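J.: the amino acid sequence is not available; the structure is as follows:
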DNA sequence: ACATAATCGAGACGGTACGTCCCGTCTTGTT
DNA sequence: AACAAGACGGGACGTACCGTCTCGATTATGT
């Protein structure tokens, strides 16, 4: 047996392999531009190539259209799972809403919010992927908090946890969206959680 | 006194007067395109002119940029105030959320939702105007419902009605945004209102 | 009869008319670049547009490909007919060869020589047009000189004037082509004409 | 002493020796493409590599640029010296012009003509080499014919043989250049030679 | 009636980005 | 060390729109 590196059937294709460095630069540039304020429609391949110091060909060789590129770029943007203390549901939910509100402060987080502000009807594939990557895992983590609350009696046993998440997230995102300075959210998380936990109706009713 | 047809003191300037018909057609076309799914960024004067059957000059003579046109177009888009029965807060709030969810069904309503989904940071003037026209009046009507509820004991006396609105609207809009078919909202308004009214925590807690 | 400018059937098409200034600038730029040394293959529409201060669209609106543009550019390059004194065939032929050799000295003339040096097989349409514009008229003027010479006895009665032209032009162009400095042609025209007029064979033979 | 197969003193460098087969294929491909109608400017390394079944690296390792390659390719293109019967100057010159006109008929000969039609100002090194290889040796052979003619009285004693060659070659090449089918040259060589030998002026003048 | 003047549709303008093609250079694993 | 394969940065291609600009034609007013 002569020089044969592996016994796997899948051999590397001939020729110079694609540069991982270029690939990273392209993704970085894409996220930078989205974070800097470009909507998906405004993103231009030419601008990405220029910022990445890369030929347009190198982009088109990998992704056949802008949406595919954005999808992959988002994939490399691991939205970190919030670390829940687990002492009480209230505390954990506040932690969660604070994560949402803090997200806009760093460049990559602004990315997430910009995508979030896009119209899901226009870029369905991007939004689908975005949902899968940035929403679903965190959603499940928060759902676990809610379920735990239901089990240990902190929350109503018949609570629709799914709907509860919608209410929490919706309130937070909606409020932040209309703030002139999305960084200033003061005690908003606490107030939302408290209000929602108690309910609007009086206890005696 | 010269030849003047109208009784207004302001003399009409010489030359051919601007065509009201063209103006209406432009506004209609703008709303049509927004309703059909164009975001503000994607909206193009060229497309509006084509759909209105009008030269591009005719548009630019009236509005110096796209945002000004959209602002004026939105002004002619009267978001109807919901009619509240006034029998109970619960009923009125459900009515209100149903108004939101129903909005997507007609062409002009979809317009409202599309603007709503836009990034307020990118088109501040449009969003400001939109807030003034479509949000504020309805917000006040709903706030009145909440205040009435606080006064007559249907709602907690210390309820932050402003935050309550945020929670209700946010939950509804957020949910609709992620629905594949935004028309299908089933019993969502009822479930949101009920959940929020009772609170997540158990009554005994 | 109302406002009608002319009675001709051909009315000007609607819209802004094409700018003659732009057209001239494009042609000038094209000739400049050819004169500066670009072969037809090397000519780039982008370079022409840049030098003419014009959008690429403005070029493509008028000419569907590079050859058509070059053909039109050549058309505006009126190679002046040589002025023949008419005193003798010898003098006129020398004048003619001097015109050829002088052509390279000015920018537009260098244009002619550059096209001449192109391969006629590759750009047949250009060469055909070039022949029609720059070769044929001058050829006929020189043919007239030769015919006059045959009639008044300065040239052999059975001279093949067509072939004679080929010999004169070919000799001159061929020689100039291989000169390092095509401007320095000394007494070449005189020497060619004299040699050709006398013939290579001795008079007595 | 290392591993050395040949008896030459120059040690062959280590590593795999360059493939002569590849080298030949490259040269063949180059000549093929030039013969097929590519001007030097249009000739591309990529095309040569493809036709030779060779990687582009293999070409660039040997020649640093296109011109160098063309120069070497031309070197392997031995333009055959015409065989002169020596019976008369007229016969030999006709033979010579026929060689020129026949050259276009075979693939390698068309090569010569294509280079000949190139602009010497643009590829000076190629043309210089071409002159040395394909022009000079044949030129000298023809010059010998002319000199012999002068010596034995077939040509005028004061004939400028150098200029005479220019006239003959120039006429032939010029004529062929403008022919739609350069193969069809009928009795052109005879007619040119006869005309030039006799001179345009009448014998009595 | 008729000059004046602003508006109209149409479409050309300079410009930007598109996605494709090809260039000459470079970087792999294999020979 | 040379080979083929093929990715790389770069540049031009021809197209599609963009927002601006210029036309002749239209439609009012003011004399």
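T.: Structure received. A quick note: this is a predicted structure, and the numbers were derived from the prediction, not measured.
J.: gap between the closest residue to residue A:199 other than its chain neighbours and residue C:182?
T.: Nearest non-adjacent residue to residue A:199, counting by C-beta to C-beta, 6 or more residues apart in numbering or on different chains: residue B:199, 2.1 Å away. Using the backbone N, CA and C atoms, a C-beta is placed for each residue, glycine as well. As judged by C-beta to C-beta, to the nearest Å, residue B:199 and residue C:182 stand 97 Å apart.
J.: residue A:189 now?
T.: In terms of C-beta to C-beta, residue A:189 sits 83 Å off from residue C:182.
J.: nearest spatial neighbour of residue A:82, chain-adjacent residues omitted?
T.: residue A:99 (4.6 Å).
J.: measure how buried that neighbour is and give me the count.
T.: 19 (other C-beta atoms under 10 Å in any protein chain shown).
J.: for residue A:53, same thing?
T.: 11.
J.: dump the residue contacts of the spatially closest residue to it that is not a sequence neighbour.
T.: Spatially, and ignoring its direct neighbours in sequence, residue A:53 is nearest to residue A:25 (6.4 Å; C-beta to C-beta, 6+ apart). For residue A:25, the contact set (C-beta atoms under 8 Å, 6 or more residues apart in numbering or on different chains) comprises A:52, A:53, A:54.
J.: check residue A:145 too.
T.: Counting by C-beta under 8 Å, 6+ apart, residue A:145 makes contact with A:84, A:89, A:92, A:93, A:96.
J.: in this structure residue A:109 contacts residue A:99, no?
T.: No - in this structure, residue A:109 is not within contact of residue A:99 by C-beta atoms under 8 Å, at 9.4 Å.
J.: can you pull out the helices in chain A?
T.: A:20-35, A:45-52, A:56-60, A:66-75, A:89-102, A:107-116, A:124-130, A:136-151, A:161-177, A:188-198 (DSSP state H).
J.: who touches the residue most central in space within chain A in this structure?
T.: Nearest to the mean C-alpha position of chain A, by C-alpha atoms, centre = their mean, lies residue A:134 at 3.0 Å. Residues in contact with residue A:134 (C-beta under 8 Å, 6+ apart) are A:74, A:77, A:79, A:112, A:115.
J.: against residue C:122, how distant is the fourth one?
T.: When distances are taken as C-beta to C-beta, residue A:112 and residue C:122 turn out to be 57 Å apart.
J.: check the third one too.
T.: In this view, residue A:79 and residue C:122 are 59 Å apart by C-beta to C-beta.
J.: taking chain A, what residue is nearest to chain B?
T.: Proximity of chain A to chain B (C-beta to the nearest C-beta) peaks at residue A:199, 2.1 Å away.
J.: where does that residue land on pLDDT?
T.: Reading off the confidence values, residue A:199 has pLDDT 79.
J.: and which of the contacts of residue A:134 is nearest to residue C:155?
T.: For these, the closest approach to residue C:155 (C-beta to C-beta) belongs to residue A:74, at 85.8 Å.
J.: ok, which residues in chain A are in contact with DNA strand E?
T.: The interface of chain A toward DNA strand E, taken as C-beta under 7 Å from any atom of the strand, is made up of A:2-5, A:11-12, A:14-17, A:43-47, A:56-57, A:60, A:64-66.
J.: could you flag which of those residues are buried?
T.: A:43, A:45, A:66 (16 or more other C-beta atoms under 10 Å in any protein chain shown).
J.: format those as a markdown table; extra columns: distance to residue B:172.
T.: As requested, these are exported to a markdown table (distance: C-beta to C-beta, whole Å):
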| residue | distance to residue B:172 |
| --- | --- |
| A:43 | 30 |
| A:45 | 37 |
| A:66 | 31 |
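J.: I'd like the residues you listed laid out as a markdown table, including pLDDT.
T.: A markdown table is the format used below for these (pLDDT from 0 to 100):
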| residue | pLDDT |
| --- | --- |
| A:43 | 94 |
| A:45 | 97 |
| A:66 | 91 |
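J.: and which of those residues is nearest to DNA strand F?
T.: Distance to DNA strand F, by C-beta to the nearest atom of the strand, is smallest for residue A:45 among these, at 10.8 Å.
J.: residue D:179 versus the closest one, what's the distance?
T.: From residue A:45 over to residue D:179 (counting by C-beta to C-beta), the distance is 50 Å.
J.: residue A:97 too?
T.: From residue A:97 across to residue D:179, the span is 86 Å (C-beta to C-beta).
J.: and the two? Which one has more around it.
T.: Neighbours around residue A:97 and residue D:179, counted as other C-beta under 10 Å, are more numerous at residue A:97. The numbers are 25 against 14.
J.: how much space separates the residue lying closest to residue A:170 once chain neighbours are set aside from residue A:100?
T.: For residue A:170, ignoring the flanking residues on the chain, the nearest one in space by C-beta to C-beta, 6+ apart is residue B:174 at 3.1 Å. Residue B:174 sits 12 Å away from residue A:100, taking C-beta to C-beta as the criterion.
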